[in-house]
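# Sequence plus predicted model, see below.
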Amino acid sequence: MQTNEGNRLLLELEKLRRDVNRQVMNPPIPALKIADLKPVVTLAAQARLSYIEQLLSIGDGAPDFPSPDKISELAQRREAYEELRAAVNALETAIERGYLDVSDS
């Protein structure tokens, strides 16, 4: 069970984390607009498509287990998709937590 002091410390830690992240991240990144986000979201969607297309091409009429080259290509596309997805999620979190400014225009 948390003590009052422990709860207070956690609240202060959360404020410190928010303040430090904002101080570090906000200055170099201009206020974001939805138009700024579309290119990175599109990249992640294209990477997902590429990954799924590679999977479907491997399975298309192939009764045998895929070659190591095909598996390697699939893995590379998965890695690209997962990396871009994680980056978009990190951006979303930064916006949600107020680390970055946003603009309506």
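Done, it's in.
# Can you list the residue ranges for helices in the chain?
4-25, 34-59, 68-96 (DSSP state H).
# quick one, the longest one and helix 34-59 angle?
What it means is helix 68-96. Here helix 68-96 points in a direction 160 degrees away from that of helix 34-59 (axes from the mean of the first three to the mean of the last three C-alpha atoms, to 10 degrees).
# quick revisit: could you dump the helices of the chain into CSV and include mean neighbour count, distance to Val102 and mean pLDDT?
The C-beta positions use only the backbone N, C-alpha and C, and glycine is treated the same way. As requested, the helices of the chain are exported to CSV (neighbours: other C-beta atoms under 10 Å; distance: least, C-beta to C-beta, whole Å; pLDDT from 0 to 100):
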stretch, mean neighbour count, distance to Val102, mean pLDDT
helix 4-25, 11, 13, 96
helix 34-59, 14, 9, 96
helix 68-96, 14, 6, 97
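# can you tell which of those helices is closest to Ser105?
Across these, Ser105 has its closest neighbour in helix 34-59 (9.4 Å, C-beta to C-beta).
# what packs against that closest one?
The contact analysis (3 or more C-beta pairs under 8 Å, 6 or more residues apart in numbering; DSSP states H and E) places helix 34-59 against helix 68-96.
# any idea how far the helix it packs on is from the chain center?
Distance of helix 68-96 from its chain centroid, counting by C-alpha atoms, centre = their mean, to the nearest Å, is 8 Å.
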